[in-house]
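**Q** Pasting a predicted model and its sequence here:
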Amino acid sequence: MSEGSANSQDYETVVKAGTAEKVAEFGGGPVSALKRIQHMLHKAPSMVPLIVLVMSIVIFGILLGSKFFSPFALTLILQQVAIVGIVGAAQSLVILTAGIDLSVGAIMVLSSVVMGQFAFRYGIPVEVAVGCGLLCGVLCGYINGWLVAVMKLPPFIVTLGMWQIVLATNFLYSANETIRSQDIDSQAPLLHFFGRTLSIGADEAGRGGATFTYGVIFMVCLVLLLAYVLRETAWGRHVYAVGDDPEAAELSGVQIRKVLISVYVLSGLICAFAGWVLIGRIGSVSPTSGQLSNIESITAVVIGGISLFGGRGSILGMLFGALIVGVFTLGLRLLGADAQWTYLLIGVLIIAAVAVDQWIRKVSV
């Protein structure tokens, strides 16, 4: 074997190993610091929102001092993003498959309305009513998944139509009736389960310290569980494979239809749980609540570094994205700034996040 062919084989081995530093030794030139950062972010896309989150906390901490760094203020941020974080988890699963779900907010609200109406209008035991609400979310998710996976309809069109259908069903079924907090407390307290609080470090009067709602605890546990499932199980790897390259995934034996349907069904179930958490958060069952959750969930996903093209990103990044929005919202409010500044900065973050995602994707080109 000639020396030239040996070097050629060595070069191919190095390229397959994906080691940019060693490739440089074969004439590619030194790897710049910017290129190293690009490679690092490609492997861990959640690093970008984490860095932005830490910087945001530090900046507002410097500007506001103990007013912002108090345990109460920091846990208040978690309470404010609990709904967005849970719905964002559902949205993340769909976007990882290169889809999008515009109906998540409507499914969440309809599920909460079903729980309330079944318990109060029909006198069904509250445990059964909650179960019916969860099944409602599963059914909506299954319809979405079946239309996308079996009928091959575009996810954007399917979920846009489902959003309108579920929204109309919600108002027609509930007759735009709100079930008051007092009635829930007296007749169906289980509906307020996720609104109950757990205080750490509070005084005897219950002031100060860190206050966590059960909804916040559920959100954190859900995100950690999904992060583990997506990273460590075959189903999770199939979700990423379908989003990255569905044709290659199918050739490697992945059952794309089953994966897509399972993703949308799980998304619907998570949205139904979000509806239960919503009742605990606002105290009542209202058909007009949570109407912007679909947009807020997409915002958290995009800022969190999950690619809208599918196949790449971390659900932990979505949580960081939701927390960034919460930090900006509370920080600017404490500074006395106009609420429009929050929307302006979040809009800038969304565009910047997409630009960074496009730049990171070039590492594999």
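**A** Okay, I see it.

**Q** Touching, Val223 and Ala89? I think so.
**A** Yes. Here Val223 lies in contact with Ala89, judged by Cβ atoms under 8 Å, at a distance of 5.8 Å. Quick note: C-beta positions are derived from backbone N, CA and C, even for glycine.

**Q** where's the residue most central in space within the chain, which helix or strand?
**A** Computing the C-alpha centroid of the chain and ranking residues by Cα atoms, centre = their mean puts Gly88 first, at 2.3 Å. Assignment of secondary structure by DSSP states H and E places Gly88 within helix 71-96.

**Q** and Ala249, that's in a helix?
**A** Yes. The secondary structure assignment for Ala249 places it in a helix, going by DSSP: H, G, I helix; E, B strand; the rest coil.

**Q** How many residues are close by it?
**A** 21 (other Cβ atoms under 10 Å).

**Q** Just want to check the distance between it and Ala241.
**A** Noted for Ala249: a distance of 4 Å to Ala241, by Cβ to Cβ, to the nearest Å.

**Q** returning to what we had before: need the contact list for the residue nearest to the centre of the chain.
**A** Listed by Cβ atoms under 8 Å, 6 or more residues apart in numbering, the contact set of Gly88 reads Glu296, Ser297, Ala300, Val301, Gly304, Met318, Leu319, Gly321, Ala322.

**Q** Just the closest of those residues to Leu330, please.
**A** Ala322 (12.7 Å; Cβ to Cβ).

**Q** Just the mean pLDDT for the strand or helix carrying that closest one, thanks.
**A** Assigned by DSSP H and E, Ala322 belongs to helix 315-334. Taken as a whole, helix 315-334 carries a mean pLDDT of 92.

**Q** What residues of that helix count as buried?
**A** With burial defined by 16 or more other Cβ atoms under 10 Å, the residues of helix 315-334 counted as buried are 315-332.

**Q** Mind pulling up the pLDDT for the residue nearest to the centre of the chain?
**A** Turning to Gly88, the model gives it a pLDDT of 96.

**Q** for the stretch 1-150 of the chain, which spans come out with low pLDDT?
**A** Across the stretch 1-150 of the chain, residues meeting the criterion (pLDDT under 70) sit at 1-31, 38, 41-42.

**Q** Go ahead and name everything in contact with stretch 155-162.
**A** The set of residues that contact stretch 155-162 without belonging to it, under Cβ under 8 Å, 6+ apart, is 94, 99-103, 106-107, 140, 143-144, 147-148.

**Q** Most neighbours among the residues you listed, which one is it?
**A** Going through the contacts of stretch 155-162 with other Cβ under 10 Å as the criterion, the one with the most neighbours is Ile107, at 35 neighbours.

**Q** so what's Leu50 up against?
**A** Under the criterion of Cβ under 8 Å, 6+ apart, the contact partners of Leu50 comprise Gly317, Phe320.

**Q** how much space between Leu225 and Ile107?
**A** Distance from Leu225 to Ile107, by Cβ to Cβ: 20 Å.

**Q** and if you look at Asp338?
**A** When Cβ to Cβ is the yardstick, Asp338 and Ile107 sit 33 Å from each other.

**Q** Can I get the contacts of stretch 155-162 in a markdown table including distance to Trp235?
**A** Formatted as a markdown table, these follow (distance: Cβ to Cβ, whole Å):
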| residue | distance to Trp235 |
| --- | --- |
| Val94 | 15 |
| Gly99 | 16 |
| Ile100 | 20 |
| Asp101 | 18 |
| Leu102 | 24 |
| Ser103 | 23 |
| Ala106 | 26 |
| Ile107 | 22 |
| Cys140 | 21 |
| Ile143 | 21 |
| Asn144 | 18 |
| Leu147 | 21 |
| Val148 | 17 |
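
**Q** Which members of those residues occur in helices, if any?
**A** For the contacts of stretch 155-162, the ones inside helices are Val94, Ala106, Ile107, Cys140, Ile143, Asn144, Leu147, Val148, with DSSP state H as the criterion.

**Q** Just give me the closest of these to Ile256.
**A** Nearest to Ile256 among those, counting by Cβ to Cβ, is Val148 at 10.4 Å.

**Q** thinking the closest one is in contact with Ser262, fair?
**A** No. In this structure, Val148 is not within contact of Ser262 by Cβ under 8 Å, at 11.8 Å.

**Q** Setting aside sequence neighbours, what's the nearest residue to Pro125?
**A** Counting by Cβ to Cβ, 6 or more residues apart in numbering, the nearest residue to Pro125 once its immediate chain neighbours are dropped is Ala119, at 7.8 Å.

**Q** What ranges does the chain have for its strands?
**A** Across the chain, reading from the start of the chain, the strands by DSSP state E fall at 197-200, 210-213.

**Q** wait, which of those strands is closest to Phe60?
**A** Put simply, out of the strands of the chain the one that sits nearest Phe60 is strand 210-213, at 17.7 Å, with distance taken as Cβ to Cβ.

**Q** Run the chain-centre distance for the closest one.
**A** Chain-centre distance of strand 210-213: 21 Å, with Cα atoms, centre = their mean, to the nearest Å.
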